[in-house]
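In: Have a look at this prediction, sequence included:
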Amino acid sequence: AGAALLRDRIRAIAAAGRLRVSETLAADLLQAAGRGTLLVLLDPPGQAPGPLADVMFDAVTAQILTPAGPGQPESAATPVPAANALRAGLTGLTALSAGERHVLGEWLDRVIADGQPPQR
């Protein structure tokens, strides 16, 4: 249920045009950061948590979200946020046939994948 909730929230961010990576990569990054942070916080029992959770959240969101509002940096000017927004609303495009939505979805997936950070 938690993973489904995370996917739903990421889909809403994508629909708003704020997601700069694929929905799958965003979910994977958030889950990895959350799990890793939790393990570190649980390691020294009895110690105050410090700023780790907030710093990790800020680091991950800086990588997956475009900045809000005007004056966005060049990295937000890629077609990926727009492709994510259109991809998130694809099922609601009733002016297109199922086949056309499928093809458009494949094209959008390619645009999104092309804009992902290179794998190391």
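Out: Noted; the coordinates are in hand. Residues are numbered from 1 along each chain as shown.
In: is it true that Ile10 touches Ala27?
Out: Yes. Using CB atoms under 8 Å, Ile10 is in contact with Ala27, at 5.6 Å. No exception for glycine: its C-beta is placed from N, CA and C like everyone else's.
In: higher neighbour count, those two?
Out: Between Ile10 and Ala27, counting by other CB atoms under 10 Å, Ile10 is the more crowded of the two (22 against 18).
In: Is the more buried one located within a strand, as I assumed?
Out: No. Per DSSP: H, G, I helix; E, B strand; the rest coil, Ile10 lies outside any strand segment and is helix.
In: For it, which residues are in contact?
Out: 19, 23, 26-27, 30 (CB atoms under 8 Å, 6 or more residues apart in numbering).
In: Looking at the residues you listed, spot the one nearest Pro79.
Out: Nearest to Pro79 among the contacts of Ile10, counting by CB to CB, is Leu19 at 12.2 Å.
In: Any idea how many residues pack against the closest one?
Out: Counted with other CB under 10 Å, residues neighbouring Leu19 total 26.
In: Met56 versus that one, what's the distance?
Out: According to CB to CB, to the nearest Å, Leu19 and Met56 sit 19 Å apart.
In: And the strands in the chain?
Out: Counting by DSSP state E, no segments of the chain form strands.
In: Could you list the low-confidence segments of it?
Out: 69-77, 118-120 (pLDDT under 70).
In: biggest helix in it by residues?
Out: helix 23-42 (DSSP state H).
In: who's in contact with the spatially most central residue of the chain?
Out: Centroid check for the chain by CA atoms, centre = their mean gives Ala26 as the closest residue, at 3.4 Å. Ala26 makes contacts with 10, 13, 19, 64, as judged by CB under 8 Å, 6+ apart.
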